[in-house]
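# A structural model of the following input is requested.
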Amino acid sequence: MNVYLYKNEQPLGPFTTEQLRAKADAGELIRSDPAWVEGWAGWQTVAEVPGFAAPESVVYVQKDGAQRGPFTLEQVKRKFAGGEFEPTALAWMEGWKEWQTPAALPGVLAFVATSLPPDRPQPSAVRPAGAARDGTVDPFYFHIPAWRFALLGICSFNLFVDYWFYRNWRFLNDRDWLHVWPLWRTILWPFFTWRLLKRISFDEETERHATATFSVPVITVGLIATAFCEGQIGRTRDGSMLLIWAAAALTRTLWLLPVQLHINRANRARPAPPQYDRWTVVQILLLLVGLLMWIGLLAILLGAEEPAV
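Residues are numbered from 1 along each chain as shown. I've put the predicted structure just below:
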């Protein structure tokens, strides 16, 4: 039986079960590592490989400012179910780069969700990052093809760019319990662009699959400077200046394109890549409104070129 592993953002193998045991003995393999066997519909975990007894995953939990453990996953489940650990405690498992919420531990989500106090968010906020309610995979951030991002950004006269800010803030608000108003952070985007881009660039979930290569300071300054130029140039009705204003407006889309490419790379590198966000009514409406604005700009330019009588 041939077994494939997924490590360092790429598939490895094939391996035999004997080779897997050698890797496990050397500490190079844990139960939660993605694995695939011929005949499987998609990636699962090493623990599901037939005939291979994967070593128990070692888990540590923080309680009262101290590190507790090591525990097995089964021990952790019982401790959460019995109330020994709070749902807000941080946990760490072999293979993780950082401490995370216990909901990210395989099979622990149900125990955490049922033990949350009434005033805390329920399933949507405590499900593991990337796990949807229906068992499919949720994408990281606003996941759309780069060509559609560019098309909507340009044709909608940047209305779609504002919607892009809103969708990404809403994703972070739901996943990280930020308790912020995504709409206000979208309206006041010049004050919050740095924070959003920094979160996307240094997100520990996406870093496991792709490293951000865009510059947060450069894009932030570029976006704000472009918006300032739009405001200054847009006051005139001179034809040539309006063309410059339109070009400046389009630049906002180009500034954010590297960020969208990074989001897409991180999603595609996952063992089970999520689907792109589908066309929605909102996207179509933004496209239509933007096209009407382009027609209006064209009418102004044509009117400005008419010779004076």
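# Skipping adjacent residues, who's closest to Gly153 in space?
Setting aside the residues directly before and after it, Gly153 is nearest to Thr253 in space (C-beta to C-beta, 6 or more residues apart in numbering), at 3.1 Å. Quick note: C-beta positions are derived from backbone N, CA and C, even for glycine.
# Could you report the distance from the one you found to Pro182?
From Thr253 across to Pro182, the span is 20 Å (C-beta to C-beta, to the nearest Å).
# Who has more neighbours out of the two?
Set side by side, Thr253 and Pro182 show unequal neighbour counts under other C-beta atoms under 10 Å, the larger going to Thr253 at 23 against 19.
# for the strand or helix carrying Thr186, packing partners?
When secondary structure is defined using DSSP states H and E, the element that contains Thr186 is helix 182-187. Secondary-structure packing of helix 182-187 (3 or more C-beta pairs under 8 Å, 6 or more residues apart in numbering; DSSP states H and E): helix 159-176.
# helices and strands around the helix it packs on, which ones?
In terms of contact count using 3+ C-beta pairs under 8 Å, 6+ apart, helix 159-176 is assigned the packing partners helix 123-126, helix 146-155, helix 182-187, helix 189-201, helix 239-268, helix 281-304.
# residues in contact with the fourth one?
Helix 189-201 is contacted by residues 141, 162, 165, 168-169, 172, 185, 206, 212, 214, 216-217, 219-220, 223-224, 227, 259, 262-263 when judged by C-beta atoms under 8 Å, 6 or more residues apart in numbering.
# Taking the centroid of this protein, which residue is nearest it?
A centroid search over the chain (C-alpha atoms, centre = their mean) returns Phe140, at 2.2 Å, as the residue closest to the centre.
# Can you name the helix or strand that that residue falls in?
For Phe140, there is no host helix or strand (DSSP H and E).
# looking at it, it is touching Asp203, isn't it?
Yes. Judged on C-beta atoms under 8 Å, Phe140 makes contact with Asp203 at a distance of 7.3 Å.
# give me the number of residues near Arg31?
The tally of other residues near Arg31 (other C-beta under 10 Å) stands at 23.
# Check Phe192 too.
Quick note: Phe192 (other C-beta under 10 Å) scores 17 neighbours.
# Look up how far Leu178 lies from it.
If you measure Phe192 against Leu178 using C-beta to C-beta, the figure is 11 Å.
# Same check on Gly303?
Gly303 sits 47 Å away from Leu178, going by C-beta to C-beta.
# need the contact list for Asp276.
That one is not Asp; residue 276 is Tyr. Tyr276 sits next to 139, 143-145, 148 when contact means C-beta under 8 Å, 6+ apart.
# Can you select the buried ones from these in PyMOL?
This is how PyMOL selects the buried members of the contacts of Tyr276, with burial counted by 16 or more other C-beta atoms under 10 Å:
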select buried, resi 139+143+144+148
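# Go through the contacts of Tyr276 and say which is closest to Arg68.
Proximity of the contacts of Tyr276 to Arg68 was ranked by C-beta to C-beta; the top entry is Pro139 with 33.8 Å.
# Find the nearest non-adjacent residue to the closest one, please.
Nearest-residue entry for Pro139: Pro274, 4.0 Å, with adjacent residues in sequence omitted and distances by C-beta to C-beta, 6+ apart.
# so what does the helix or strand harbouring Val218 touch, helix or strand wise?
Secondary structure here is read from DSSP H and E; on that basis Val218 sits in helix 216-233. For helix 216-233, the helices and strands in contact under the criterion 3+ C-beta pairs under 8 Å, 6+ apart are helix 189-201, helix 239-268.
# Fine, thanks again, bye for now.
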